Every structure is written in structure tokens, then in C-alpha cells.
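Peer 1: return atomic coordinates for the entry below.
(one chain, ligands or ions: 1)
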Amino acid sequence: MNKKNVYMDHGATTPVRQEVLEAMLPFFSELYGNPSSLHAKGRDVRKAFEEARRVTAASLGVEPDEIYFTSGGTESNNIALRGAAKKHGSGHIITSSIEHHAVLDVCKDLEKQGFSVTYLPVDKYGLISMEEFESSIKPETFLVSIMAANNEIGTVQPISEIGAIAEKHKILFHTDAVQVVGQMPLNIKELNLDFLSLSAHKFNGPKGVGALYKRKGVKIDPLYHGGGQERKLRPGTENVPGVIGLSKALELAVGELPQKAEELAKLRNRLIEGLVRIDDVVLNGHPEKRLPGNVNVSFKYIEGESVLLSLDLHGIAASSGSACSSGSLDPSHVLSAIGLDHQTAHGSIRFSLGRGNAEEDIDYVLDIIPSIVDRLRQMSPIRKESC
Ligand SMILES: Cc1ncc(COP(=O)(O)O)c(C=O)c1O
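Peer 2: Below is the predicted model:
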């Protein structure tokens, strides 16, 4: 079989779309003014920048002055969580045990500063329980942060139910929607959200730019001080080309929903069905409530890293667990939280599908994988027969 280049790591990052690149390019050259400058070169850029904010807000169904541009998902999460904590001074925060480190580690740091944090457990599919969430709310709870969907196993949380409970108890609600925005339809205003984080490079926009939605009227303290940009919440000269790229990518991605999500889910299901036909391959995450592009399976008795390297030799790009946490020998906190034993967790691979993937890519992967798995299992010191 001819080697093909198949990119299935869209959960880590995505290629910038041609239309996005073209929209950005003038802002590196002729449209270089500082949007805060009063002269024509500055004013022209300010106009385009505010138009990008309008398009971003319209794509999300919110108001332009509820959008704050940032450097990405990590910064948006930090501004929301730390900003709310700073404003409150003390109290209790609720989050889940499977958040991205950009939330989890912020919470751990806030604990060191005297805040108390509940890390809600998840079931074997990665879902939090609404009863456990509600019963963990204390009089001093001021914030809940639960991700819209998990980056490793793809499980989609019941965000609207969480929002209803948060509203009932008058606590702020943040969601890290980095893996959802542009992938699944999302109605922020129906979800009772106070904050939502997104990142352009996950929906075919550029890297290093994101946004925070903050509901009008919600007050938080800024983490940085400097100029007055982004209404003083995120001061510093704006990443103009990045923001132009984000707005274009978001407009295009949202415009293609929900059809694109349905197409992707079909490809995802084809891949899952093919993979679980192989002996001792198990699906991780929820069978239905999952991101349209996410496939996470464990190949028992072998190391995910070995599968990954073999796939790479065949031109297939995937990831073992979370790209952000690979490099560590510990099984990922997400796979541990859903109760996978050490060995099964180590055999996990995430294929994340996106724009540009087609049925032939799925079939290529399904043709290649059985022989890789057979060969690695033959060499494996932990193969079934020896267990
Ligand atoms: C769920 C989630 N949150 C946050 C981030 C961090 O986003 P960024 O790379 O834009 O800082 C990621 C990136 O992988 C993610 O998947």
C-alpha cells in the first residue's frame, strides 16, 4: 500500500485555512498600524479589528463587548479563573478531575493561595454527576469551571444542566470550550454561562490567539496591568493578524455547522467501528456524548507510544493521550480518572479528525493498524498469553 499523509491530530492543532491566511496577510504588511494610534494607519486597523470582534461575537451569538481577545485557551482560562478568584478574595471553587491543565493547575495554584477547590470525579465515560455537583456547592462557592468537552477522550459534559444548577445557586460558571467551539453548535446565551474560553488554532485559525467570552456585568479583576486594551482586562498591543484570522476561521467554521459535525461524526464512527473489531481494543470516553472528531481507544498489551511511532512511519499523525501531557511516563490524569488501569491507559491513542479527513483516510488507517498491533503484541512483554 502506498504511504499516505494522514493528519489525525486536530485535537492538538489544525492547519490554517487558505481563506484565513489570506485575510490575515495584509495585517502583516500594509495594514501595520497600531490600532490605538489616532492617525489613519491606526484608525484603519482599529476599524478592521473591531469588525473582527463583531464577527466573532455574532458567530457565538453574543455581544461584541462580551468578547476579550487573548493569546489562546490557556490565557483565557487563567484570566477567567484567577480574575474571578482575585475579585472574590477567598472562597470555594468547583471543577472536575479531568480538566485540561490550563484549568486544573490554575485551581491547584489557587489552593496554595488559600482558596478551597472540589475536584469532581467522573464516571467511566468521563461524565460528572449533577447530584455530586449540586451537593458539593457550599455557601462560600463562587465559581464552577467544567470543560464543555474533554480534549483526550472527547466526552461532552451536560453544560446546560450545569448552567441551570449554577444559576440556581448564584455561582459563576466558566467553561473551557477550546475543543468545542467551531466543532459543535453552541448557544452561549442559552447555557447560562458567565465565561467561555476558546482558541483559534483548534478551528483552523492561527496559533497564539484566542478569546474569552465574559457575560456583560460580570466583574473580575485583571491579572495584568498596562495599557487600556481589551477594556483593561488584557492590556498589551493587540495581535491584529491573529484576531483577524480567529474571526475569519470562526465565521467559516460556525457557518459550516451542523453539517460539518455530522460528516465528521460519520467518519469518527467508521473509525471506531473498525478499531474495536480488532481484538482487545476498547473505546475510551462516551459512546455517543463525544466530540464529532474524537476517537480514543486503548490497544491492550502494548504501549500507545509504540503504536504512535509505527503509525508515524506510515505517514499517520495521531497522539497518545493528550499531546500536552505526553512526554510524561505517568498515565494521563484523564484516563486514570475514568478508571483505566495503568496498562490499558498506556495503550491509549487519540485520533482526532477534522477538516480535510475523508473516508479513504479512515480506511487507510484501518488497513495499516492490524499488522502494527499484531507485530507489537508479538514483541510485547505484557502480551495476553504472559498475563
Ligand atoms: C481543553 C483545552 N483547554 C485549553 C487548551 C489550551 O489552549 P491553548 O493551546 O490555546 O493555550 C487546550 C489545548 O490543547 C485544550 O484542549
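Peer 1: next to the ligand, which bits of the stretch 1-150 of the chain? Give me the list.
Peer 2: By C-beta under 6 Å from any ligand atom, the residues of the stretch 1-150 of the chain that approach the ligand are 72-74, 100, 102, 147. For glycine as for every other residue, the C-beta is placed from the backbone atoms N, C-alpha and C.
Peer 1: and the residues you listed, which two are the farthest apart?
Peer 2: Largest separation among those by C-beta to C-beta: 72 and 147, giving 15.1 Å.
Peer 1: those two: who's more crowded?
Peer 2: Between residue 72 and residue 147, counted using other C-beta atoms under 10 Å, the more crowded position is residue 147 (29 against 23).
Peer 1: name the next helix or strand following the helix or strand that contains residue 48 along the chain.
Peer 2: Using DSSP states H and E, the element containing residue 48 is helix 40-60. Remark: after helix 40-60, the chain's next helix or strand is strand 67-70, criterion DSSP H and E.
Peer 1: tell me the strands beside that following strand, with direction?
Peer 2: strand 210-214 (antiparallel) (DSSP bridges).
Peer 1: touching the ligand at all, the partner strand?
Peer 2: Yes: using C-beta under 6 Å from any ligand atom, strand 210-214 reaches the ligand at residue 210.
Peer 1: so how far is that strand from its chain's centroid?
Peer 2: Its chain's average C-alpha position is 13 Å from that of strand 210-214, according to C-alpha atoms, centre = their mean, to the nearest Å.
Peer 1: so the next helix or strand after that strand, near the ligand or not?
Peer 2: Per DSSP H and E, the first helix or strand lying C-terminal to strand 210-214 is helix 240-255. No: Helix 240-255 lies out of reach of the ligand by C-beta under 6 Å from any ligand atom, never closer than 10.7 Å.
Peer 1: and the closest residue to residue 138 other than its chain neighbours, bridged to which residues?
Peer 2: Distances taken as C-beta to C-beta, 6 or more residues apart in numbering place residue 92 nearest to residue 138, at 5.1 Å, with adjacent residues excluded. Counting by DSSP bridges, residue 92 is bridged to residue 116, residue 141.
Peer 1: residue 92 reaches residue 115, doesn't it?
Peer 2: Yes: applying C-beta atoms under 8 Å as the test, residue 92 and residue 115 come out as touching, 7.1 Å apart.
Peer 1: what helix or strand is residue 2 on?
Peer 2: Going by DSSP H and E, residue 2 is not in any helix or strand.
Peer 1: that one: how many residues sit nearby?
Peer 2: Neighbours of residue 2 using other C-beta under 10 Å come to 5.
Peer 1: what's the distance between the closest residue to residue 310 other than its chain neighbours and the ligand?
Peer 2: Distances taken as C-beta to C-beta, 6+ apart place residue 372 nearest to residue 310, at 4.4 Å, with adjacent residues excluded. Distance of residue 372 to the ligand, given as C-beta to the nearest ligand atom, to the nearest Å: 26 Å.
Peer 1: what does residue 372 show for phi and psi?
Peer 2: Main-chain dihedrals, residue 372, degrees, to the nearest 10: phi -60, psi -50.
Peer 1: and it, what pLDDT?
Peer 2: Note for residue 372: predicted pLDDT of 96.
Peer 1: what about it, neighbour count?
Peer 2: 20.
Peer 1: OK, contacts around it?
Peer 2: Contact analysis of residue 372 by C-beta atoms under 8 Å, 6 or more residues apart in numbering lists 307, 310-311, 314.
Peer 1: residue 237 too?
Peer 2: Going by C-beta under 8 Å, 6+ apart, residue 237 touches 34-36, 227, 229.
Peer 1: now a ChimeraX select for only the buried ones of those.
Peer 2: Selection of buried members from those for ChimeraX, criterion 16 or more other C-beta atoms under 10 Å:
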select :35,229
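Peer 1: could I get the contacts of residue 237 as a markdown table with pLDDT?
Peer 2: A markdown table is the format used below for those (pLDDT from 0 to 100):
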| residue | pLDDT |
| --- | --- |
| 34 | 98 |
| 35 | 98 |
| 36 | 97 |
| 227 | 94 |
| 229 | 96 |
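Peer 1: run the chain-centre distance for stretch 19-39.
Peer 2: 28 Å.
Peer 1: what does stretch 83-102 give?
Peer 2: With C-alpha atoms, centre = their mean, you get 18 Å for stretch 83-102.
Peer 1: on that earlier part again, reformat the contacts of residue 372 as TSV; add secondary structure, distance to the ligand and neighbour count.
Peer 2: Output for the contacts of residue 372, formatted as TSV (DSSP: H, G, I helix; E, B strand; the rest coil; distance: C-beta to the nearest ligand atom, whole Å; neighbours: other C-beta atoms under 10 Å):
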residue	secondary structure	distance to the ligand	neighbour count
307	helix	21	22
310	helix	24	18
311	helix	20	20
314	coil	25	18
